[in-house]
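>>> Task: produce atomic coordinates for the following.
(one chain, ligands or ions: 1)
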Amino acid sequence: MANIKFVNEELEIVAADGANLRIKALENKVDVYKTWGKLTNCGGYGQCGTCIVDVIEGMENLSPPTETEKRKLRKKPDSYRLACQVQVNGEVSIKTKP
Ligand code: FES
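Numbers count the residues shown, from 1 in each chain. The predicted structure follows:
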């Protein structure tokens with residue numbers, strides 16, 4: 001099982017291994033988009049880059065970065081991921097809208 005802790009929201013949820021981080025956030029009413037992203041996001045296809053999250057702990061429990069993420073996050077800190085591209089396989093702490 002994957003425990004996902006959303007730091008800003010003070011919310012911890014349990015998900016099945018391999019759960020998509022963006023979907024789990026939205027299912028639990030955790031907003032991963034800033035204002036502009038709410039209107040323009042690509043719906044989870046890795047195209048818009050608006051679903052960025054900061055991984056505070058547990059990067060090793062996430063799926064490796066996809067080629068899309070590597071391209072979109074080229075100039076961002078290593079702890080940043082695109083929520084829609086991430087599968088969670090264990091305990092992780094996430095900061096939304098970094
Ligand atoms: S929702 Fe567009 S890149 Fe993640």
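>>> quick one, phi psi at Glu9?
Main-chain torsions, Glu9, degrees, to the nearest 10: phi -90, psi -10.
>>> how much space between it and the ligand?
18 Å (C-beta to the nearest ligand atom, to the nearest Å). The C-beta positions use only the backbone N, C-alpha and C, and glycine is treated the same way.
>>> and the spatially closest residue to that residue that is not a sequence neighbour, what helix or strand is that in?
In space, Glu9 comes closest to Val30 once its chain neighbours are excluded; the distance is 5.4 Å by C-beta to C-beta, 6 or more residues apart in numbering. For Val30, there is no host helix or strand (DSSP states H and E).
>>> Give me the distance between Val30 and the ligand.
Distance of Val30 to the ligand, computed by C-beta to the nearest ligand atom: 14 Å.
>>> ok, that residue - contacts?
Phe6, Glu9, Leu11, Thr96 (C-beta atoms under 8 Å, 6 or more residues apart in numbering).
>>> same thing with Val86?
Val86 neighbours (C-beta under 8 Å, 6+ apart): Asn20, Leu21, Arg22, Val53, Leu62, Ser63.
>>> Alongside the ligand, which residues does this protein contribute?
Asn41, Cys42, Gly44, Gly46, Gln47, Cys48, Gly49, Thr50, Cys51, Leu82, Cys84 (C-beta under 6 Å from any ligand atom).
>>> Excluding chain neighbours, what is closest to the fourth one?
Excluding the flanking residues, the one nearest Gly46 by C-beta to C-beta, 6+ apart is Thr68, at 3.9 Å.
>>> quick one, strands of this structure?
For the chain, applying DSSP state E gives strands covering 2-6, 11-15, 19-20, 52-57, 80-82, 87-88, 92-96.
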